[in-house]
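Asker: No letters, just coordinates:
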């Protein structure tokens with residue numbers, strides 16, 4: 001409902017726009033315990049979160065290669081590292097070569113999956129996600 005209403009506001013004729021939404025956590029409804037993590041053995045439902053990208057027709061028309069890459073990469077695992085680089089790429093913000101990581105943007109034809117780690121509540125240990 002909320003995402004639909006946000007898109008409805010920005011989806012105007014001849015508008016060059018995009019929208020990105022990512023949740024900060026998942027939820028394990030099966031366990032019956034509620035909460036969103038907070039343990040050292042999280043279920044996939046707690047760390048597997050939606051990463052939603054919506055683009056206007058005009059944005060797609062002006063960024064066909066990027067849109068094709070988004071579609072191509074839509075089922076590949078991502079993590080929080082990918083958000084900054086994807087937002088910059090989708091917004092056509094150019095980073096200096098020193099800081100750019102094209103392989104971390106889902107809108108890049110160079111996108112590559114890389115290892116994902118989840119920091120557990122003790123703040124010291126992490127879990128390699130598959």
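Answerer: Cool, the structure landed. Predicted model, so just to flag it, every value in this text is computed and none were measured.
Asker: can you tell me the helix or strand for the residue nearest to residue 16 when sequence neighbours are not counted?
Answerer: What sits nearest to residue 16 in space, not counting adjacent residues and going by CB to CB, 6 or more residues apart in numbering, is residue 58, at 4.6 Å. The C-beta positions use only the backbone N, C-alpha and C, and glycine is treated the same way. Secondary structure from DSSP states H and E places residue 58 in helix 57-62.
Asker: pLDDT (mean, whole number) over that helix?
Answerer: Per-residue pLDDT over helix 57-62 has a mean of 96.
Asker: What number of residues are in the vicinity of the residue nearest to residue 16?
Answerer: 14 (other CB atoms under 10 Å).
Asker: can you check residue 107 too?
Answerer: When neighbours are defined as other CB under 10 Å, residue 107 has 26 of them.
Asker: pLDDT at it, what is it?
Answerer: Here the pLDDT value assigned to residue 107 is 97.
Asker: same check, this time on residue 128
Answerer: pLDDT, read off for residue 128, is 78.
Asker: Check the spacing between the residue nearest to residue 16 and residue 110 real quick.
Answerer: From residue 58 across to residue 110, the span is 25 Å (CB to CB, to the nearest Å).
Asker: How about residue 123?
Answerer: Distance, residue 123 to residue 110, by CB to CB: 33 Å.
Asker: between these two, who's got more neighbours?
Answerer: More neighbours surround residue 110 than the other of residue 123 and residue 110, with 10 against 7 (other CB under 10 Å).
Asker: Secondary structure class of that one, three-state.
Answerer: Here residue 110 is recorded as coil under DSSP: H, G, I helix; E, B strand; the rest coil.
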